[in-house]
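In: could you look at this predicted model? Sequence included:
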Amino acid sequence: MTTQLEITLPPFPRGFHLITRHVLDNLPELPQQGILHIFIQHTSAGICINENADPTVRLDFETVFDKLIPDGTKAYVHSYEGPDDMPAHIKSSIVGQSVSIPITNGRLNLGTWQGVYLGEFRNHGGRRRLILTALS
Amino acid sequence: MTTQLEITLPPFPRGFHLITRHVLDNLPELPQQGILHIFIQHTSAGICINENADPTVRLDFETVFDKLIPDGTKAYVHSYEGPDDMPAHIKSSIVGQSVSIPITNGRLNLGTWQGVYLGEFRNHGGRRRLILTALS
Amino acid sequence: MTTQLEITLPPFPRGFHLITRHVLDNLPELPQQGILHIFIQHTSAGICINENADPTVRLDFETVFDKLIPDGTKAYVHSYEGPDDMPAHIKSSIVGQSVSIPITNGRLNLGTWQGVYLGEFRNHGGRRRLILTALS
């Protein structure tokens, strides 16, 4: 039994954001055991899992990623979509565009401190589409 | 129903390459709903998803990754396979060696701008093997 | 048929470690064809796949990741858990917290040189929990 649904997130500002609640509120029917696959249909945003309690962790994520892959147009050939576009593509592939989470006893089996992050890498990324697929 | 097949890519030069067509031309039978898992059986190449239209995006990927993890032999203990080998291993684990893509209505449900990239991180990587697994 | 089990790794020192044997010795029942999903329930450690033969590869991984995302407390707002904590969170999301490996003819279908790595990013990370899920 595979279940699947598409959800659209509200627009988020540039940065890392905890979206566990958005996912939990929109889950497809879960099996007793399996995997939930969360996929973002974009190339300038990403999905990852990290610390769910202290908002400064997400702040530091943004700082570090911006330092590693700075905005700009001189370093990039692909610059016509603005100084935040090409770095957003790179960050998206470093962070990844999906996560898979175990399902155990009909529930997501995340660790105590794990939450689902949206990495919004554009200055004005707008609404982002996710596809949630539960496999058993 | 799980379907699976192995494909071998032609040799690609060092860099990032759009291989969506290679994947679509060699798909196992797809279920109506599920996940396609694409796995590369190598440790100096990677698979990711990114922008499928403008080739300069792939060019900039190569520039940025080479700057983040430069070739060389002085920084690395593992240097006997050449100055491009150890950086290739690192890039491979940063980009990742698999992607999973939702299947919806019997087709890959990629976003409009998403394509599958091969990251070839060796100067002469040769033919690379992929294993495609469709789960439902 | 989905099978799943949880295993706890012994404590590893900071660095990258080959844990293929720990996984193979604790596999759930595998189907003939499918995917094995390995998930770590932590946000300051990661799981990836890389070269399984030469230990200096893992040594160089540690060197490169420490250079890219250095320890410290000045660069980070989230610093009260020590200078190795925030960098560990970042590394964890760059490397990723899960891998998926094809299962073919009832066995893991890794490439010749591929092994499973634990990235232990804390100085004293302690025991780490993995959830192994085999899907078919």
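Out: In hand now; what should we look at?
In: once you drop chain neighbours, what's closest to the residue in chain A that chain C sits nearest to?
Out: Closest approach between chain A and chain C, counting by CB to the nearest CB: residue A:111, at 3.1 Å. Backbone N, C-alpha and C define where each C-beta goes, glycine included. Distance criterion CB to CB, 6 or more residues apart in numbering or on different chains; nearest residue to residue A:111, sequence neighbours excluded, is residue C:41 at 3.1 Å.
In: what about residue A:11, neighbour count?
Out: Per other CB atoms under 10 Å in any protein chain shown, the neighbour tally for residue A:11 reads 11.
In: is it true that it touches residue A:126?
Out: Yes - with contact defined as CB atoms under 8 Å, residue A:11 reaches residue A:126; the gap is 5.2 Å.
In: thinking again about what came up before, residues in contact with the residue nearest to residue A:111?
Out: Residue C:41 makes contacts with A:109-112, A:114, C:128-131, as judged by CB atoms under 8 Å, 6 or more residues apart in numbering or on different chains.
In: what's the answer for residue A:91, then?
Out: A:44, A:46, A:65, A:69, A:119, A:121.
In: dump these to CSV, plus neighbour count.
Out: Supplementary listing: the contacts of residue A:91 in CSV, determined by neighbours: other CB atoms under 10 Å in any protein chain shown:
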residue, neighbour count
A:44, 24
A:46, 25
A:65, 24
A:69, 20
A:119, 29
A:121, 28
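In: which of those residues come close to chain B?
Out: Contacts with chain B within these, counted by CB under 8 Å from any CB of the partner chain: residue A:69.
In: report the central residue of chain A.
Out: Among the residues of chain A, the one closest to the centroid is residue A:47, at 2.1 Å (CA atoms, centre = their mean).
In: helix or strand for it, which one?
Out: Using DSSP states H and E, residue A:47 falls within strand A:45-51.
In: does stretch A:49-62 come close to chain C?
Out: Yes - Stretch A:49-62 reaches chain C (CB under 8 Å from any CB) through A:49-51, A:54, A:56-57, A:59-61.
In: mean confidence for that stretch?
Out: Averaged over stretch A:49-62, pLDDT sits at 98.
In: again, but for stretch A:8-27
Out: Computed over stretch A:8-27, the mean pLDDT rounds to 98.
In: contacting residues around it?
Out: Stretch A:8-27 is contacted by residues A:5, A:7, A:36, A:38, A:50, A:52, A:58-59, A:61-62, A:84, A:108, A:110, A:115-130, A:132, A:134 when judged by CB under 8 Å, 6+ apart.
In: got it, and stretch A:73-86?
Out: The contact list for stretch A:73-86 (CB under 8 Å, 6+ apart) reads A:14, A:44, A:71-72, A:87, A:89, A:121-123, B:54, B:56-57, B:59-60, B:63-64.
In: 7 Å - rerun?
Out: Residues from elsewhere that reach stretch A:73-86 (CB atoms under 7 Å, 6 or more residues apart in numbering or on different chains): A:44, A:71-72, A:122-123, B:54, B:56-57, B:59-60, B:63.
In: in PyMOL, select just the buried ones from these.
Out: Buried residues among the contacts of stretch A:73-86 (16 or more other CB atoms under 10 Å in any protein chain shown), as a PyMOL selection:
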select buried, (chain A and resi 44+122) or (chain B and resi 54+57+60)
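In: need the contacts of stretch A:73-86 in TSV (columns: distance to residue A:78).
Out: Below are the contacts of stretch A:73-86 laid out as TSV (distance: CB to CB, whole Å):
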residue	distance to residue A:78
A:44	11
A:71	13
A:72	12
A:122	14
A:123	16
B:54	6
B:56	4
B:57	5
B:59	7
B:60	5
B:63	10
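In: export the contacts of stretch A:73-86 as a markdown table, with columns for secondary structure.
Out: Output for the contacts of stretch A:73-86, formatted as a markdown table (DSSP: H, G, I helix; E, B strand; the rest coil):
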| residue | secondary structure |
| --- | --- |
| A:44 | coil |
| A:71 | coil |
| A:72 | coil |
| A:122 | coil |
| A:123 | coil |
| B:54 | coil |
| B:56 | helix |
| B:57 | helix |
| B:59 | helix |
| B:60 | helix |
| B:63 | helix |
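In: of the contacts of stretch A:73-86, closest to residue C:98?
Out: Nearest to residue C:98 among the contacts of stretch A:73-86 is residue A:44, at 22.9 Å by CB to CB.
In: of all of chain A, which residue lies closest to chain B?
Out: Nearest residue of chain A to chain B, counting by CB to the nearest CB: residue A:41, 3.1 Å away.
In: per-residue confidence at that residue?
Out: As predicted, residue A:41 sits at a pLDDT of 98.
In: the helices in chain A, which residues?
Out: For chain A, helices defined by DSSP state H occupy the ranges A:20-24, A:55-68, A:85-95.
In: need the winner for burial among those helices.
Out: The highest mean neighbour count among those, using mean count of other CB atoms under 10 Å in any protein chain shown, belongs to helix A:85-95: a mean of 25.
In: relative to helix B:85-95, how tilted is that one?
Out: Going by axes from the mean of the first three to the mean of the last three CA atoms, to 10 degrees, helix A:85-95 is angled at 90 degrees with respect to helix B:85-95.
In: give me the angle between helix A:85-95 and strand B:45-51.
Out: Computed by the same axes, to 10 degrees, the angle separating helix A:85-95 from strand B:45-51 equals 140 degrees.
In: tell me the angle of helix A:85-95 relative to helix A:55-68?
Out: Using the same axes, to 10 degrees: helix A:85-95 against helix A:55-68 is 120 degrees.
In: restricting to C-alpha, output helix A:85-95 in PDB.
Out: What follows is helix A:85-95, C-alpha atoms only, in PDB (Å, rounded to 0.1, in the frame of the first residue of the first chain):
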ATOM      1  CA  ASP A  85      20.000  32.300  -7.700                       C
ATOM      2  CA  MET A  86      23.100  30.200  -8.600                       C
ATOM      3  CA  PRO A  87      24.200  29.900  -4.900                       C
ATOM      4  CA  ALA A  88      20.600  28.700  -4.200                       C
ATOM      5  CA  HIS A  89      21.000  25.900  -6.800                       C
ATOM      6  CA  ILE A  90      24.300  24.700  -5.200                       C
ATOM      7  CA  LYS A  91      23.000  24.800  -1.700                       C
ATOM      8  CA  SER A  92      19.900  22.900  -2.800                       C
ATOM      9  CA  SER A  93      22.100  20.000  -4.100                       C
ATOM     10  CA  ILE A  94      24.300  20.000  -1.100                       C
ATOM     11  CA  VAL A  95      21.400  19.900   1.400                       C
END
